[in-house]
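Q: Sequence first, then the predicted structure, then my questions.
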Amino acid sequence: MGKVHVVDHPLIQHKLTLMRAVSTPTQSFRQLLNEIGMMLCYEVTRDLPTELVEVETPLGLTMQPHLSGKKLVFAPILRAGVGFLDGMLELVPAARVAHIGLYRDPATLQAVEYYFKAPSDVAERLVIVMDPMLATGHSAIAAIRRLKERGVREIRFVCLLAAPEGLVSFHAALPEVPVWTAAIDDHLNDHGYIVPGLGDAGDRIYGTR
């Protein structure tokens with residue numbers, strides 16, 4: 001299995017527990033995902049490159065670190081991945097955004113693409129792909145392969161929950177792509193849902209069934 005970062009900060013784990021509860025209403029679920037997304041963003045961007053630049057403070061000149069290189073790209077997998085986007089953009093408001101529309105065929109559990117839109121120079125940027133659930137791994141693999149077709153070389157994947165089966169499939173297909181997640185749950189059920197999980201993230205974000 002490739003590199004997996006489990007972000008076990010107590011605040012993230014507390015908020016995730018609230019999200020798991022079937023009694024948590026849509027508004028709260030959405031807000032909690034936004035907050036966890038912001039905290040995960042700290043971790044996935046921890047090693048971004050910096051360069052020293054000259055800054056004039058009220059007391060004089062100093063050389064201080066500043067992000068270097070091209071601005072990164074956030075790439076949510078539609079629709080549930082959008083739940084991460086606002087929190088991450090709060091931290092990195094200058095980031096570009098790509099959208100990857102996929103749905104899971106209920107019979108085969110395979111990902112089917114219906115929309116793709118990315119910055120024209122996406123191949124020159126670090127791309128952070130986001131989806132709350134890494135279940136079978138099919139959607140994440142399809143999204144990242146699509147980005148690779150556009151020439152993207154540096155990709156990271158962020159999710160809220162991962163299943164062991166999904167991680168195995170993901171890293172069998174994409175061993176070079178690191179994963180950040182808040183938790184690795186027990187297993188997938190016969191319908192491809194993470195157990196104990198939190199249900200269908202998209203439905204819980206948007207109040208649909």
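A: Sure, I can see it.
Q: Pairing partners for residue 134 in the sheet, please.
A: residue 162 (DSSP bridges).
Q: Can you name the residues that contact it?
A: Contact analysis of residue 134 by CB atoms under 8 Å, 6 or more residues apart in numbering lists 140, 157, 159, 161, 162, 163, 166, 167, 170, 179, 181. Any C-beta I mention is one placed from the backbone N, CA and C, and that applies to glycine too.
Q: nearest to residue 188, of the residues you listed?
A: Checking these against residue 188 by CB to CB gives residue 163 as the nearest, at 4.9 Å.
Q: any idea how far the closest one lies from residue 185?
A: 6 Å (CB to CB, to the nearest Å).
Q: ok, residue 173 touching residue 137?
A: Yes: counting by CB atoms under 8 Å, residue 173 does reach residue 137; the two are 7.4 Å apart.
Q: For those two, indicate the residue with more neighbours.
A: Legend: neighbour count by other CB atoms under 10 Å for residue 173 and residue 137, higher for residue 137 (24 against 16).
Q: re the thing from before, kindly reformat the contacts of residue 134 as a markdown table containing distance to residue 65 and pLDDT.
A: Listed next are those as a markdown table, based on distance: CB to CB, whole Å; pLDDT from 0 to 100:
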| residue | distance to residue 65 | pLDDT |
| --- | --- | --- |
| 140 | 32 | 95 |
| 157 | 26 | 98 |
| 159 | 29 | 97 |
| 161 | 33 | 96 |
| 162 | 32 | 96 |
| 163 | 38 | 96 |
| 166 | 36 | 95 |
| 167 | 33 | 96 |
| 170 | 33 | 96 |
| 179 | 27 | 97 |
| 181 | 28 | 97 |
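Q: Let me have those in a markdown table, adding distance to residue 17 as columns.
A: A markdown table is the format used below for those (distance: CB to CB, whole Å):
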| residue | distance to residue 17 |
| --- | --- |
| 140 | 24 |
| 157 | 23 |
| 159 | 17 |
| 161 | 12 |
| 162 | 17 |
| 163 | 18 |
| 166 | 21 |
| 167 | 21 |
| 170 | 25 |
| 179 | 21 |
| 181 | 15 |
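Q: For this structure, give me the ranges with low pLDDT.
A: Along the chain, segments meeting pLDDT under 70 span 1-2.
Q: ok, now with 90
A: 1-2, 68-71, 79, 102-114, 190-192, 207-209 (pLDDT under 90).
Q: contacting residues around the top helix by length along it?
A: Selection of the longest helix in the chain by residue count, based on DSSP state H, yields helix 26-44. The contact list for helix 26-44, computed with CB under 8 Å, 6+ apart, reads 5, 7, 9, 11-12, 15-16, 18-19, 24, 83-88, 90-92, 128, 130, 132, 156, 158, 160, 180, 182, 201, 204-207.
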